[in-house]
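S.K.: Just a sequence and a predicted model for now, questions to come.
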Amino acid sequence: MRVLLKASMDTEKANEAISNGTLPKLIEASLEQLKPEAAYFTAENGQRTAYLVFDMQDSSQMPVIAEPFFMHLGAKITYTPVMNYEDVQKGLSQLGR
């Protein structure tokens, strides 16, 4: 299932991770693990925030994916199922109208 992961990082912990060099490593490891079709980074509500769109094979992946963000960045994590245009078309075609 295509999923949007939003990781809003605690500013103090993210500052520390930048200072000690772990933030780039954490991001690189996450991108390598997830192989997202899209990855965006911004500031939202005063916090560094990452948006990653990837294919989640099984919900048991959720802790493995989130824990590094929780442990190292004090992040708030959300997972949201999302669709691309082809998915929407496929879903609408199944409405039987």
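M.R.: Everything's here; your move. Residues are numbered from 1 along each chain as shown.

S.K.: As PDB, could you dump the C-alpha coordinates of the strand ranked longest in the chain?
M.R.: Taking DSSP state E as the assignment, the strand of the chain that covers the most residues is strand 47-55. Output of strand 47-55 as PDB, limited to C-alpha atoms (Å, rounded to 0.1, in the frame of the first residue of the first chain):
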ATOM      1  CA  GLN A  47       9.600  22.100  13.000                       C
ATOM      2  CA  ARG A  48      11.800  20.300  10.500                       C
ATOM      3  CA  THR A  49       9.400  18.000   8.700                       C
ATOM      4  CA  ALA A  50      10.000  15.100   6.200                       C
ATOM      5  CA  TYR A  51       7.300  13.700   3.900                       C
ATOM      6  CA  LEU A  52       8.100  10.300   2.400                       C
ATOM      7  CA  VAL A  53       5.800   8.500   0.000                       C
ATOM      8  CA  PHE A  54       6.600   4.800  -0.200                       C
ATOM      9  CA  ASP A  55       5.100   1.300  -0.600                       C
END
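
S.K.: Parallel or antiparallel, list what pairs with it.
M.R.: Its sheet considered, strand 47-55 pairs with strand 2-8 (antiparallel), strand 38-44 (antiparallel) by DSSP bridges.

S.K.: ranking those strands by burial, who's on top?
M.R.: Counting by mean count of other CB atoms under 10 Å, strand 2-8 has the highest mean neighbour count of the strands paired with strand 47-55, with a mean of 19. (C-beta placed from N, C-alpha, C; glycine too.)
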